[in-house]
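*Asks:* sequence plus predicted model, see below.
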Amino acid sequence: MSRVRQPPLVTGISPKEGAAWTKVTIRGENLGTGPADLIGLSICGHNCLLTAEWMSASKIVCRVGPAKDDKGEIIVTTKSGGLGTSTVSFKLLRPERIGILDQSAVWVDEMNYYDMRTDRNKGISPLSLRPSNPLGIDIDKGKIPQKDIEQIFPGMSGDFTSENFSATWYLIENHAGSNFEQLKIAANNLKKQATKKNEGSLAYVKGGLSTFFEAQDALAAIHQKLESDGTERVEGSMTQRLENILNRASETADTLFQEVLGRKDKADSTRNALNVLQRFKFLFNLPLNIERNIQKGDYDVVINDYEKAKSLFGSTEVPVFKKVYAEVETRITALRSLLLEKLLQTPSTLHDQKRYIRYLSDLHAPGDPAWQCIDAQHKWILQLMLNCRDEFISGQRVGVGALDLEGDTRMLALGRLGHTASLKRGGSLRTPRPSTWHFETPQQVQFVEKLSDVVIGQLPNFWKLWISYVNGSLFSETGEKSGQVEKSKKNARQRQNDFKKMIEELTNRLVRLIRGAILPTTLPQQELSFYGGWESKAELTGAWHTQIIHTVRACHEALSALEIPNDLLQVIQDLLLELRVHCLMITLLHTTEDVKRLAEKEDWVVDNEGITCLPSRFEQCMMMMLQSLKEPLEIKTGEINVLLLEQVQDQAAEMSVSIMKVFINCLEELSAKKDGQTDTAHSLAADVSSPDHFTSVQESFTPTSEQRLLIILSNCHYLERRTFLNLADHFEKHGFTGTEKITRVSVDAVRELDRKLFDAYIERRADPIAGSLEPGIYAGYFDWRDCQTPTGVRNYLKEALVNVITVHAEVFTVSKDLVPRVLSKIVESVADEMCRLMQCVSSFSRNGALQARLELCALRDAVATYLNTESNASFKLALDALPQLQSGADKKLLEELLNKFKSSMQLQLTCFQPSSVQPVKR
């Protein structure tokens with residue numbers, strides 16, 4: 001389907017005023033595709049199509065007709081675009097007719113003066129003689145439409161000056177209502193006018209006929225006299241006398257008419273000068289018109305007038321014309337300098353740059369203004385980038401709000417990164433901050449945002465200017481000026497490498513400035529003084545590095561959208577890779593510092609599983625870290641996965657293991673604190689279970705060192721069983737490699753800490769219980785060889801059981817899951833000590849053997865729930881060291897005493913029974 005063309009639009013006419021039949025140049029847009037496409041042209045309402053000469057789609061030359069309106073629009077009509085419009089107007093000047101006896105301050109224009117007596121206009125073009133009513137009768141226009149007349153007389157015209165003049169058309173149009181008598185009068189008037197023209201020279205001859213006869217007779221007499229006297233020139237002859245008379249007559253005539261003839265010559269010279277001034281007033285007024293139009297900014301009018309003057313007078317040899325044209329050239333040279341200065345001014349819009357380049361091209365400015373503009377823009381953008389750095393380095397730019405790096409600053413920063421700023425031309429890459437944002441953006445982050453704004457605001461226009469230079473649209477968007485377009489394309493091909501170096505310099509400058517602010521160690525030493533200088537600024541956290549990555553990515557995407565070749569943007573991709581790796585390492589390093597400070601937040605409040613808030617805080621800290629790394633580790637188009645780089649894999653895994661070990665060291669440091677170093681403001685929540693009921697009791701007290709050991713043991717067990725496994729899953733989801741190694745090393749480290757803490761606790765609790773057995777056995781000078789008949793279990797054993805029960809309560813208060821492990825080890829220690837003591841006795845009496853068996857059996861049965869292989873073996877060795885019971889009475893007594901002990905200690909021994917109450921999840 002063919003594309004519909006736009007209607008014609010007239011934007012300029014030169015000159016803008018003049019008398020009828022003035023030749024004008026019309027400029028505009030869509031003025032037709034060819035001479036055949038132009039079907040209508042009117043100026044001030046008068047049809048000028050007959051004199052129109054189509055030059056191009058933006059230029060038409062014609063003559064202005066004698067329109068009725070003094071001022072009006074220029075309307076062009078084409079087949080392809082239809083009826084057009086105009087943004088300019090033409091003023092028609094109507095000079096007054098001055099008679100031969102009228103006084104006038106100006107010279108009479110002979111082109112418009114018609115002298116019927118001397119017929120001085122004879123031979124002049126009919127265009128100069130335009131009688132308004134050649135028939136001499138009243139004009140009576142009919143009502144026949146113009147279109148109907150055009151259909152009746154195709155190709156003809158009612159204009160009597162036209163080559164295709166039709167008398168019938170003229171009569172129908174102007175005298176349709178005239179009667180036959182009036183037409184007869186009109187015919188007589190035409191005959192009289194023709195007779196006057198033919199008799200003009202003959203009447204002159206008739207008026208001076210007698211003078212001609214007298215002159216003829218005188219000449220004849222002179223001729224006869226000369227023939228009779230001879231033709232020799234001798235002194236005194238008639239010929240000599242006649243010559244003298246004629247010379248005297250000539251001198252007398254010259255003397256008499258010298259003043260008159262001088263005035264005539266002067267008048268002729270003045271007339272000729274005025275005619276020249278009138279005829280060539282365009283040239284003489286051009287310097288002043290150029291100056292005025294330059295002041296008004298009408299550069300198009302200046303260019304049109306200059307092109308016209310150059311075509312008419314560029315090669316003239318007339319001195320006065322050469323002098324005036326030289327002044328025109330001087331004004332045009334000044335205009336070229338002015339336009340070039342405006343072109344190279346910064347900042348400037350792309351529209352203005354293209355406009356000035358076209359003006360300079362039309363004025364045939366020397367050199368290549370388009371390339372000069374590109375070079376100036378390139379230098380200006382480079383300077384803007386350096387000014388941006390200097391502005392921040394000098395501290396002229398300061399952020400708003402208060403700087404607070406404690407608390408959840410990075411969480412707020414991460415929330416800020418969730419908003420995406422829309423990218424428009426000249427738009428900003430900065431992420432909008434919510435109203436709750438109260439933290440100062442670091443100078444480096446502000447600098448990167450500002451620098452990206454500069455690049456995104458200026459580089460697109462710079463690139464588009466180059467593209468226009470390459471395809472020639474700087475000089476013509478309609479296909480005109482093909483010579484200039486081809487020249488532009490040729491120049492662009494020659495300067496392609498130079499422009500590529502410009503883009504490379506801009507991108508390299510951008511990358512080096514960002515490196516100097518964020519990654520100074522990646523710059524050579526000689527470039528640090530030029531791009532560095534940020535040493536005094538605050539160190540950035542991982543969240544701010546993420547914001548920088550977000551900004552640089554947006555900048556790269558905006559430049560890629562301009563279809564800049566990828567090889568020119570590769571340096572930005574390399575920078576992004578290093579920023580992502582650096583952000584990963586910085587985040588891991590700062591997380592290590594955060595984990596170190598977690599020990600300060602331990603409140604020693606345990607839940608019903610014996611776990612404090614510390615493991616949860618640690619896991620939350622790691623989750624925050626992984627969440628903050630989500631955007632840096634994200635793989636955009638053209639980017640690579642940083643976690644697939646072998647060196648990055650090893651460093652990330654090593655630092656992750658270090659974080660785990662740091663947390664385990666925190667637990668160890670907490671366990672080593674002395675009682676006086678704990679915070680007495682916190683309370684320990686105890687969950688106590690019993691076979692019959694479950695209640696939750698909170699006691700406000702400071703945990704002892706043994707209680708801290710139990711709490712940390714419980715946390716270690718939770719880390720191994722839950723936290724490390726959860727973190728391994730999250731590491732894998734975020735693309736981390738080597739999670740098996742991280743988990744394995746972490747579990748081994750926490751198990752080692754668990755072993756050390758468990759041994760320390762057992763040593764603190766088991767040794768006093770085992771050490772109290774021997775003094776208790778031999779209290780009161782007790783002797784196994786000489787003792788009374790047993791009446792029950794002695795108090796030392798009851799005290800030992802009460803101490804074991806105390807340990808049970810202490811462990812159960814912290815974590816029920818630790819009870820079997822701790823009690824089994826305590827019982828094992830006690831059983832081992834009893835075995836040693838029994839084996840050390842040299843001999844037992846009958847009552848002594850019964851007493852020892854009673855106490856061993858009572859202890860074994862009381863802690864039967866927590867017996868293990870080692871403790872069972874110890875009890876067996878101890879019993880084997882005793883003499884066997886021989887009589888049934890002894891066995892019966894042993895059984896009675898055991899039942900009595902169990903009955904009396906039933907309440908105390910209840911804690912050693914398996915509980916059916918499960919811990920309550922909070």
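*Replies:* Yep, that arrived. Residues are numbered from 1 along each chain as shown.

*Asks:* in terms of secondary structure, what does the top helix by length along the chain contact?
*Replies:* If you go by DSSP state H, the chain has its longest helix at helix 238-279. Applying 3 or more Cβ pairs under 8 Å, 6 or more residues apart in numbering; DSSP states H and E, one finds that helix 238-279 contacts helix 209-229. C-beta: built from backbone N, CA, C; applies to glycine.

*Asks:* so, low pLDDT: which residues of the stretch 551-700 of the chain?
*Replies:* Along the stretch 551-700 of the chain, segments meeting pLDDT under 70 span 674-700.

*Asks:* so after the longest helix of the chain, what's the next helix or strand?
*Replies:* Using DSSP states H and E, the helix or strand that follows helix 238-279 towards the C-terminus is helix 281-296.

*Asks:* so which residues make contact with that next one?
*Replies:* 15, 277, 299, 301-302, 305-306, 308-309, 312-313, 321, 324-325, 327-328, 331-332, 335, 338 (Cβ atoms under 8 Å, 6 or more residues apart in numbering).

*Asks:* okay, angle between that helix and helix 238-279 too, please.
*Replies:* Here helix 281-296 runs at an angle of 20 degrees relative to helix 238-279 (axes from the mean of the first three to the mean of the last three Cα atoms, to 10 degrees).

*Asks:* in the next helix or strand after helix 281-296, what's buried?
*Replies:* Scanning forward in sequence from helix 281-296 by DSSP H and E, the next helix or strand is helix 299-313. Buried positions in helix 299-313, judged by neighbour count with 16 or more other Cβ atoms under 10 Å: 299-309, 313.

*Asks:* what does stretch 58-72 give?
*Replies:* Under 16+ other Cβ under 10 Å, the buried positions of stretch 58-72 are 58-60, 62-65, 67, 72.

*Asks:* and stretch 790-799, by the same measure?
*Replies:* Neighbour-count burial for stretch 790-799 [16+ other Cβ under 10 Å]: 790, 792-794, 796-798.

*Asks:* CA atoms of that stretch as PDB?
*Replies:* Backbone C-alpha positions of stretch 790-799 (Å, rounded to 0.1, in the frame of the first residue of the first chain) are rendered in PDB as follows:
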ATOM      1  CA  PRO A 790      22.700 -54.100 107.800                       C
ATOM      2  CA  THR A 791      19.600 -52.100 108.600                       C
ATOM      3  CA  GLY A 792      19.400 -50.100 105.300                       C
ATOM      4  CA  VAL A 793      21.300 -48.100 102.800                       C
ATOM      5  CA  ARG A 794      23.700 -45.700 104.500                       C
ATOM      6  CA  ASN A 795      23.500 -41.900 104.000                       C
ATOM      7  CA  TYR A 796      26.600 -41.400 101.800                       C
ATOM      8  CA  LEU A 797      24.800 -43.400  99.100                       C
ATOM      9  CA  LYS A 798      21.700 -41.400  99.500                       C
ATOM     10  CA  GLU A 799      23.700 -38.200  99.300                       C
END
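
*Asks:* how far is it from where the chain is centred?
*Replies:* Centre-to-centre, stretch 790-799 and its host chain are 89 Å apart (Cα atoms, centre = their mean, to the nearest Å).

*Asks:* which residues does that stretch contact?
*Replies:* Outside stretch 790-799, the residues touching it (Cβ under 8 Å, 6+ apart) are 772-773, 775-777, 779, 847, 850-851, 854-855, 858-859, 893, 897, 900-901, 905.

*Asks:* and stretch 507-517, by the same measure?
*Replies:* The contact list for stretch 507-517 (Cβ under 8 Å, 6+ apart) reads 382, 385-386, 388-389, 444, 447-448, 451, 455, 522-523, 527-528, 530-534, 548, 552, 555, 568-569, 571-572, 574-575.

*Asks:* among those, name the buried ones.
*Replies:* Buried subset of those (neighbour count, 16+ other Cβ under 10 Å): 385, 388-389, 444, 447-448, 451, 455, 523, 528, 531-534, 548, 552, 555, 568-569, 572, 575.

*Asks:* can you tell me which of the residues you listed end up in helices?
*Replies:* Members of those lying in helices (criterion: DSSP H): 385, 388-389, 444, 447-448, 451, 455, 528, 531, 548, 552, 555, 568-569, 572, 575.

*Asks:* rewinding a little: among the buried residues of stretch 58-72, which two are most distant?
*Replies:* Using Cβ to Cβ, the buried residues of stretch 58-72 span at most 23.9 Å, a distance reached by Ser58 and Ala67.

*Asks:* tell me the contacts of the spatially closest residue to Phe618 that is not a sequence neighbour?
*Replies:* Counting by Cβ to Cβ, 6 or more residues apart in numbering, Phe618 lies nearest to Phe663, which is 5.2 Å off, once chain neighbours are set aside. Phe663 sits next to 595, 598, 618 when contact means Cβ under 8 Å, 6+ apart.
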